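Q: just to be clear, the model below is a prediction. Sequence and coordinates:
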Amino acid sequence: MENPLVLYNTLSRRKERFEPVQPPYVGLYVCGPTVYGDPHLGHARPAITFDVVFRYLQHLGYKVRYVRNITDVGHLEADQDEGEDKIAKKARIEQVEPMEIVQYYSDRYFLFLEALNVKRPSIEPRASGHIIEQIALIHKILEAGFGYVVNGSVYFDVEKYSKTYHYGILSGRVPEEMMTHTRALEGQEEKRNPADFALWKKAQPEHIMRWPSPWSDGFPGWHLECSAMGTKYLGEKFDIHGGGMDLLFPHHEAEIAQSQAALGHETVRYWMHNNMITINGQKMGKSLGNFITLEELFTGKHPALQQAYSPMTIRFFILQAHYRGTLDFSNEALQAAEKGLKKLMEGYTTLTRMLPAGVNPDEKLTGRPEAVALPILQIAESCKAAMNDDFNTPMAIAGLFDMVRIINSARDGKETLSPEEIAFLHNTLSVFLFEILGLKDETANNQAEQMNGLMELLLSIRQRSRENKDWNTSDQIRDALQKLHIVVKDGKEGSTWRIE
RNA sequence: GGUUUCGUGGCCGAGUGGCUAGGCAGCGGUCUGCAAAACCGUAUACAGCGGUUCGACUCCGCUCGAAACCUCCA
């Protein structure tokens, strides 16, 4: 297969041609959420970014296994209100199970991603379900001599690792400097070196989630789960690893070190990082407390929001920026996205109405390219080229707007489109809009509501004509409706209708 | 302080060593019973200063400014 896809590899800091380890198979791993809070706009960005990567790779014909983990181990400690030990005891009894929290917020996460039309990955493993694999990985690292045990905890020896391998290969950091400049945090005196990180932590008494291990009852280090699950499901060498830019260091750097130490070779071929969503120029994040949850966006219930924004508006807003750039949140930008999306969707609907009678709009049509005018072909090509150039969705979207302009001109009779061209445009537009970008027409969702409103309106017009003894009009409405299998029955209390 | 990234018109946001990004808003038209939409046309721009070049918004250097990471965060 001729494969023109090029993507930006964080590891090399340049765009590289995409060549899978084992075509036509592609392994894609993305760091998922830590499920201890409601999903916010920041979570939507990687979810949508890699959803499009997933969709586009599939569109190109690859067989993709997409793994996105759920982090449910590591920071699920009980709320520390120290000094209040009277309540603490009671709280422990009344407290919900950590897994209850995990379940609740995972469900919420999936719910809102589904609204955003994000496809479920092939595998969604949880860290807590892979303790055995993580312990096995620690063994390998210890055997290779890159870890050490202190008081039941195991640490990764960055200094030693640096003598053989390149710690900092991904982030560009210099190990010597990290060793001297890393801030000293409490409880880290066990480490030989501040830059070292935990592979296994012995659990403090208040730590609820704990597992037995050869070293202690405890829990795995933060970076271990992705190394363990990535190689478990995608193999010791796989294609793409993605995640947010904020995970670049230390998380991904540590992941590389762990895998390299345990396996003796690199595991990931291409590292992809999506940039942050900012609000007033600052990262939207939990620690800053300036995040807006997806639920708040969808309902409009947040002081910073002037209105509710539909899931597709959010999706389109995110896709209108390139994934590697920061994207600034504002009501103005969201409203612009809303209107732009509406324009695209209306253009698509207009085109659907130009299809020859009897053609199902969902059907895949193919216009023979040789029968299609060059400018139209060029626009379609530019859309493909944009996607092939490191998933440049904003540029692809610009092409879609060009198509809509042609469609609208044709509708106004200012341009003519041959049936071949209509079919070609229809195919191209629906592939990009729905299949690749994963957008959907939300107006179709309120059909039942519209239907009710429509019937109410129609029946009130008919009622007026009946009051005027305009039986012609009233019968015309009833007969026409009957042809549509809608039966109107007149009673003393007014008219009712139902679909037969 | 270090690492990384960025600075594009009223707003959001692409891109390229010389040729229109696109969306939203604005202005002028066309259309129009009203409204809306649509279509056509149109202005305002590449932080600053140098350098390379026939030519730079695009490459290089410096200055200024911003952000992320260096501690859990998508």
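A: Sure, I can see it.
Q: counting neighbours, what do you get for whichever residue of chain A sits closest to RNA strand B?
A: In chain A, the residue that lies nearest RNA strand B is residue A:244 (1.6 Å; CB to the nearest atom of the strand). In this view, the C-beta of every residue, glycine as well, is placed from N, C-alpha and C. The local packing of residue A:244 (other CB atoms under 10 Å) involves 22 other residues.
Q: for the stretch 201-350 of chain A, which segments count as strands?
A: Assigned by DSSP state E, counting those that start in this stretch, the strands in the stretch 201-350 of chain A fall at A:218-220, A:238-244, A:268-274, A:277-279, A:282-283, A:327-329.
Q: contacts for the first one?
A: It refers to strand A:218-220. Strand A:218-220 has contacts (CB atoms under 8 Å, 6 or more residues apart in numbering) with A:73-74, A:127, A:131, A:134-135, A:138, A:152-153, A:199-203, A:207, A:209-211.
Q: go again using 7 Å as the cut-off
A: A:73-74, A:131, A:134, A:152-153, A:200-203, A:207, A:209-211 (CB atoms under 7 Å, 6 or more residues apart in numbering).
Q: and for the nearest residue to residue A:221 once chain neighbours are set aside, the neighbour number?
A: Spatial nearest neighbour of residue A:221, chain neighbours left out: residue A:198 (3.9 Å); criterion: CB to CB, 6 or more residues apart in numbering. Look at residue A:198: counted by other CB under 10 Å, it has 23 neighbours.
Q: next, give phi and psi for residue A:198.
A: Note on residue A:198: its backbone torsions stand at phi -80, psi 140 [degrees, to the nearest 10].
Q: that one against residue A:150, yeah?
A: No - judged on CB atoms under 7 Å, residue A:198 makes no contact with residue A:150 at a distance of 10.1 Å.
Q: ok, back up a step: out of the strands of the stretch 201-350 of chain A, which is closest to residue A:67?
A: Within the strands of the stretch 201-350 of chain A, the stretch nearest residue A:67 is strand A:238-244; the backing value is 9.0 Å (CB to CB).
Q: the residue of chain A closest to RNA strand B bridge partners, please.
A: residue A:274 (DSSP bridges).
Q: mind checking pLDDT for it?
A: pLDDT for residue A:244: 91.
Q: need the contact list for it.
A: Each residue near residue A:244 by CB under 7 Å, 6+ apart is listed here: A:46, A:273, A:274.
Q: just how off-centre is stretch A:412-424 within its chain?
A: 35 Å (CA atoms, centre = their mean, to the nearest Å).
Q: which regions of chain A sit below the pLDDT cut-off?
A: A:1-3, A:74-96, A:176-189, A:287, A:357-368, A:444-449, A:493 (pLDDT under 70).
Q: what about residue A:162, neighbour count?
A: Neighbours of residue A:162 (other CB under 10 Å): 18.
Q: typed the wrong thing, it's residue A:356
A: By the criterion of other CB under 10 Å, residue A:356 has 9 neighbours.
Q: same question, residue A:414
A: By other CB under 10 Å, 9 other residues sit near residue A:414.
Q: hang on, it in a helix?
A: No - Residue A:414 is assigned coil when assessed by DSSP: H, G, I helix; E, B strand; the rest coil, not a helix.
Q: quickly note the distance from it to residue A:342.
A: Counting by CB to CB, to the nearest Å, the gap from residue A:414 to residue A:342 is 22 Å.
Q: also near RNA strand B: which of the contacts of residue A:244, exactly?
A: By CB under 7 Å from any atom of the strand, the members of the contacts of residue A:244 lying near RNA strand B are A:46, A:274.
Q: quick one: which of the contacts of residue A:244 is nearest to residue A:13?
A: Nearest member of those to residue A:13, counting by CB to CB, is residue A:273, at 11.0 Å.
Q: quick one: that closest one and residue A:246 touch, right?
A: No - the pair residue A:273 / residue A:246 is not scored as a contact, 8.8 Å apart, by CB under 7 Å.
Q: with neighbour numbers in mind, choose between those two.
A: A direct count of neighbours by other CB under 10 Å for residue A:273 and residue A:246 places residue A:273 higher, at 21 against 14.
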